[in-house]
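Student: build the 3D model from these lines:
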Amino acid sequence: MRSRFIIAAVLLSSVAAAQPRSNEAPDSQKDQPFDRHSLSGIWWGHAARGTRNSLSATAPPMTQWAQQRHDAAKPGLGPRGQPLGNDPMMICDPMGYPRILFWNNYPYEIIPLPDRMIMFFDWFYTYRTIWTDGRQLPADPDPRWYGYSVGKWDGDVFVVQSNGFDDRTWLDADGHPHSDEMHLEERYQRADHNTIELSMTLTDPMAYTKPWVSEKFTFKLADGKTEMREDVCVPSVEAKYKETIREPAGGATVLKK
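Tutor: All right, here's what the predicted structure looks like:
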């Protein structure tokens, strides 16, 4: 059923994400003891207000190459939104990273393993791997939808470096582009039992004239009842949905299902 509601979910996610969730761990638990070197668990994301499902409220100045790609993007929401635009997710292309992080009306699970950390996303039912075995980033990686990532602890901060991103993905719902030369640094810090704070710095000289520094993104621990679902994007269902909403009043009919 998720695919039939994809437009509604997109339109509501930026509003709902700012609301307190009843399925988060209660504030009474935040002062419980916790391991500062553990990010394990199921979490709900909270973007800073005004960021509109992006790294920050405004992007750095774009290069001519990036501006042309941004102008060609036709989002399905926001100031430039138009029905049935060319958002890659509307044909079930992978969301890419960090964009998938911003659909924070869906939970994430962080799973530590001996040589890697897995970030599993309910939205699109996919995951990324962060290697923690001491390896370095590859100098010339094959492009990947979610990049190639390595991480290590620096004191109480888990620092992740990523490259090798496939440039077909958008960075956010507004269609901000990136090149395959993009590098992303993420810094995760466990603030209390219920909270992880994340800051990101995106560097891509081919697309932006200076690094793009994010607003603080916050993970809130889910309650013990939250489970990861199977929110799979099915191309055949998405295609049928787009056919349906082209009909007069078709969108309203579908959203009532």
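Student: can you pull out the helices in the stretch 1-150 of the chain?
Tutor: According to DSSP state H, counting those that start in this stretch, the stretch 1-150 of the chain carries its helices in the segments 6-16, 64-72.
Student: where among those helices is average confidence lowest?
Tutor: Lowest mean pLDDT of the helices of the stretch 1-150 of the chain: helix 6-16, a mean of 40.
Student: in a helix, Ala191, correct?
Tutor: No - secondary structure of Ala191 (DSSP: H, G, I helix; E, B strand; the rest coil): strand, not part of a helix.
Student: tell me how far Thr132 lies from Phe158.
Tutor: Using Cβ to Cβ, to the nearest Å, we find Thr132 at a distance of 9 Å from Phe158. The C-beta positions use only the backbone N, C-alpha and C, and glycine is treated the same way.
Student: who's more crowded, those two?
Tutor: Using other Cβ atoms under 10 Å as the criterion, Thr132 and Phe158 rank with Phe158 on top: 25 against 19.
Student: run through this structure and note the low-pLDDT ranges.
Tutor: Under the criterion pLDDT under 70, the flagged ranges of the chain are 1-21, 245-257.
Student: residue nearest the centroid of it?
Tutor: Nearest residue to the geometric centre of the chain (Cα atoms, centre = their mean): Leu101, 1.8 Å.
Student: got a list of what Ala239 touches?
Tutor: Ile91 (Cβ atoms under 8 Å, 6 or more residues apart in numbering).
Student: Ala72: how many residues sit nearby?
Tutor: Here the count is done by other Cβ under 10 Å, and Ala72 has 10 residues near it.
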